[in-house]
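1. here's a sequence, model it:
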Amino acid sequence: MTRTLQCTVLDCPRPRELAAFYQALLGGEVDRADPRWSLDDDWSTLHLPDGGVLAFQRAPGLRPARWPDPARPQQLHLDIAVDDVKAAERDALAHGAKFLRYEEDWGVYEDPAGHPFCLVPE
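-> This is a model prediction of the structure:
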């Protein structure tokens with residue numbers, strides 16, 4: 001039996017906007033035609049250069065995580081490996097990320113929908 005992770009899905013209020021944010025950070029193609037799902041105002045995808053897929057699903061009442069507040073935990077976050085954390089940070093902030101704090105040699109940020117993510121050295 002073959003088992004493969006199809007995609008990672010992030011809930012958010014505006015799927016296409018969040019897909020464009022992650023495209024600016026990771027590259028790839030937003031809303032490429034794919035027979036596995038339909039694309040509409042409630043669902044957007046980002047096909048990554050390495051073959052992975054991030055998907056974004058509309059969740060109008062989403063209450064963003066407040067890391068590190070345990071009352072509103074992150075539940076999931078993305079670690080993005082970069083060759084230059086400071087350069088990647090400047091790019092992320094320019095595209096709408098919010099800086100949260102540094103941990104050793106990596107940074108912790110929040111995407112425009114409130115999901116925490118980390119920029120970590122390769």
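
2. pull the contacting residues for the residue nearest to Gln75 when sequence neighbours are not counted.
-> Distances taken as Cβ to Cβ, 6 or more residues apart in numbering place Ala65 nearest to Gln75, at 6.8 Å, with adjacent residues excluded. C-beta here means a position set from N, CA and C on the backbone, and glycine is covered the same way. Taking Cβ atoms under 8 Å, 6 or more residues apart in numbering, we find Ala65 in contact with Arg72, Pro73, Gln74, Gln75, Gly114, His115, Pro116.

3. same for the longest helix anywhere in the chain, what does it pack against?
-> Ordering each helix of the chain by length in residues (DSSP state H) puts helix 15-26 first. When contacts are defined as 3 or more Cβ pairs under 8 Å, 6 or more residues apart in numbering; DSSP states H and E, helix 15-26 packs onto strand 29-30, strand 43-47, strand 53-58, helix 85-94.

4. other SSEs contacting the first one?
-> Spelled out, it's strand 29-30. Strand 29-30 sits against helix 15-26, strand 43-47, with contacts defined as 3+ Cβ pairs under 8 Å, 6+ apart.

5. helices and strands around the shortest one, which ones?
-> In this case it means strand 43-47. helix 15-26, strand 29-30, strand 53-58.

6. now what about stretch 100-107, what contacts it?
-> Trp67, Val85, Glu89, Phe99, Val108, Tyr109, Glu110, Pro116, Cys118, Leu119, Val120, Pro121.

7. OK, contacts around the third one?
-> Right, Glu89. Residues in contact with Glu89, defined by Cβ under 8 Å, 6+ apart, are Phe99, Gly107, Tyr109, Leu119.

8. and the spatially closest residue to the second one that is not a sequence neighbour, how far is that from Glu89?
-> Think Gly107. Leaving aside its sequence neighbours, Gly107 sits nearest to Leu119 (Cβ to Cβ, 6+ apart; 4.9 Å). To Glu89, Leu119 is 6 Å away according to Cβ to Cβ, to the nearest Å.

9. quick one, what contacts the residue most central in space within the chain?
-> Taking Cα atoms, centre = their mean, the centroid of the chain lies closest to Tyr22, which sits 5.4 Å from it. Neighbouring residues of Tyr22 by Cβ under 8 Å, 6+ apart: Gly28, Leu46, Leu54, Asp111.
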